[in-house]
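Participant: Just a sequence and a predicted model for now, questions to come.
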Amino acid sequence: DAGVIQSPRHEVTEMGQEVTLRCKPISGHNSLFWYRQTMMRGLELLIYFNNNVPIDDSGMPEDRFSAKMPNASFSTLKIQPSEPRDSAVYFCASSPTRGRPGETQYFGPGTRLLVL
Amino acid sequence: AQKVTQAQTEISVVEKEDVTLDCVYETRDTTYYLFWYKQPPSGELVFLIRRNSFDEQNEISGRYSWNFQKSTSSFNFTITASQVVDSAVYFCALRDRTQGGSEKLVFGKGTKLTVNP
């Protein structure tokens, strides 16, 4: 089975531009997570969806960030306008939610974003 | 607040040595879940193990073993007879329930393991 798919794998853009990151979770998984990894802050959760509904967006840094999950097989994370401090690796993860807490989250390969 | 501490920032060993990566966690929950992930130089995050707080048995998977001790709030990871391919950053994580309904993982800062030939 395919794992979590993310695109693009690398993105270089200029400050002020809009950036859209994409994620396809593992088929059958109904929880989806967006994490960001930086040297300074490590790995931190941005937003968590369950059954396509945002449950926890407390980690979204500011209004420039938005995330959507229009259906069970696709999610986007958008940054508009982008800033150099947004440079990071963005991971998408998914997990099954079978009525049990603490399910394992499986991560995609990440998108390396560089904002110049 | 939930917290995960990996005090060892970097470890360097020679191939075939055993190495233990430490993980100490803080939580007020009586039921909680701990994880280890591996991040090789290629950058992806690879799941290694999940452990719930009710299961204190140590686990062994090939050269990997995990020692879970609730009394000391530790969940340490040992690699026996290390190999160059084990070189990676290893993360310990704790499921955070501070946000109602959230399945957020709180990660430690990671331990970078270098295995030299």
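Facilitator: Sure, I can see it. What you see is a predicted model, and the numbers here were worked out from it, not measured in a lab. Numbers count the residues shown, from 1 in each chain, chains lettered A, B, ... in the order given.

Participant: wait, what's in contact with the nearest residue to residue A:65 once chain neighbours are set aside?
Facilitator: Of all residues beyond its chain neighbours, the one nearest residue A:65 is residue A:79 (5.7 Å), with distances taken as Cβ to Cβ, 6 or more residues apart in numbering or on different chains. (Each C-beta comes from the backbone N, C-alpha and C, glycine too.) When the contact criterion is Cβ atoms under 8 Å, 6 or more residues apart in numbering or on different chains, the partners of residue A:79 are A:18-19, A:64-65, A:86, A:113.

Participant: Kindly recompute the last result at 7 Å.
Facilitator: Residues in contact with residue A:79, defined by Cβ atoms under 7 Å, 6 or more residues apart in numbering or on different chains, are A:19, A:64-65, A:86.

Participant: beta partners for it?
Facilitator: Counting by DSSP bridges, residue A:79 forms beta bridges with residue A:19, residue A:65.

Participant: can you check residue A:112 too?
Facilitator: Taking DSSP bridges as the rule, residue A:112 bridges to residue A:10, residue A:89.

Participant: shouldn't it be in contact with residue A:89?
Facilitator: Yes - with contact defined as Cβ atoms under 7 Å, residue A:112 and residue A:89 form a contacting pair (5.3 Å).

Participant: Same drill for those two, tell me which one is more crowded.
Facilitator: With neighbours defined as other Cβ atoms under 10 Å in any protein chain shown, residue A:112 and residue A:89 compare such that residue A:89 has more, 19 against 16.

Participant: Rank the helices and strands of chain B by mean pLDDT and give me the bottom one.
Facilitator: For chain B, the helix or strand with the lowest mean confidence is strand B:59-61, at a mean of 88 (criterion: mean pLDDT, DSSP states H and E).

Participant: er, chain A actually
Facilitator: Comparing every helix and strand of chain A by mean pLDDT, DSSP H and E singles out strand A:53-56 as the least confident one, with a mean of 90.

Participant: For it, name the packing helices and strands.
Facilitator: Counting contacts by 3 or more Cβ pairs under 7 Å, 6 or more residues apart in numbering or on different chains; DSSP states H and E, strand A:53-56 packs against strand A:42-50.
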